[in-house]
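Here is my input, please return the structure:
(one chain, ligands or ions: 1)
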Amino acid sequence: MSSEEDTSQTSSSSSSSLPPPASHFIGRKEDIVKAGRVTKLVNGCRDVLVLYHQGQLYAMDMHCYHSGGALKNGDIEQEFNGLLCIVCPWHKYKITLEGGEGLYQAVDDPLAKPLRTHWRSKGVKQRIHKVTEVNGDVFVTLNESGEAIESDVYQTEKYRTSFLKAKTKNEVRK
Ligand code: FES
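The predicted model follows:
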């Protein structure tokens, strides 16, 4: 999907007093705003990061599509057509918050000096989920589109088990 196409899985406020069907409660908005970022296993099957930035809530798969990095520790930057991106702390890949697009730096002319670069999209790499706020409660509706997205790889039971094992081992070493 290109940046021009609709990638609207972003947050919204609901005037209705009911959460959307098939949505999952994440927490109180005030608590998420205070924390800045929260992670949660949603519906027993998906590790989701919900973050609050400049008045907006976003939700995406918690592990970076590249190699499973912890996006909850990533900085937020503005890089691509004015879009906000999260920068994975592991290898600095940039992912747009609204669309989950992976970005890369393209070079106009490799022989030109100095090199001129600009950001381009690799397409959607990170699964973005829909966030809804109802009366101060925040809900996530999982994006269950059948199209495979690279971050899906880190949402399997096998990965979760090995990730938890590695995490526990690291904590024991400290
Ligand atoms: S794991 Fe995120 S950039 Fe490599």
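
Surely residue 150 touches residue 63?
No. With contacts counted by CB atoms under 8 Å, residue 150 stays clear of residue 63, the gap being 10.4 Å. C-beta coordinates here come from the backbone N, C-alpha and C atoms, glycine included.

So the two - more neighbours on which side?
residue 63 (24 against 18; other CB atoms under 10 Å).

how about the more buried one, phi and psi?
Note on residue 63: its backbone torsions stand at phi -100, psi 130 [degrees, to the nearest 10].

Now do the contacts for it.
47, 69-71, 151, 154-155, 159, 163 (CB atoms under 8 Å, 6 or more residues apart in numbering).

The ligand versus that one, what's the distance?
As judged by CB to the nearest ligand atom, to the nearest Å, residue 63 and the ligand stand 8 Å apart.

Quick check: pLDDT value at that residue.
Listed pLDDT for residue 63 reads 97.

Quick check: beta-bridge partners of it?
residue 70 (DSSP bridges).

Show me where this structure has its helices.
Ranges of helices in the chain, per DSSP state H, are 29-35, 157-173.

Pick the most buried one from those helices.
helix 29-35 (a mean of 14; mean count of other CB atoms under 10 Å).

Show me what residue 38 is bridged to.
Assigned bridge partners for residue 38, using DSSP bridges, are residue 50.

An error on my part: the question was meant for residue 128.
Beta-bridge pairing for residue 128 (DSSP bridges): residue 60.
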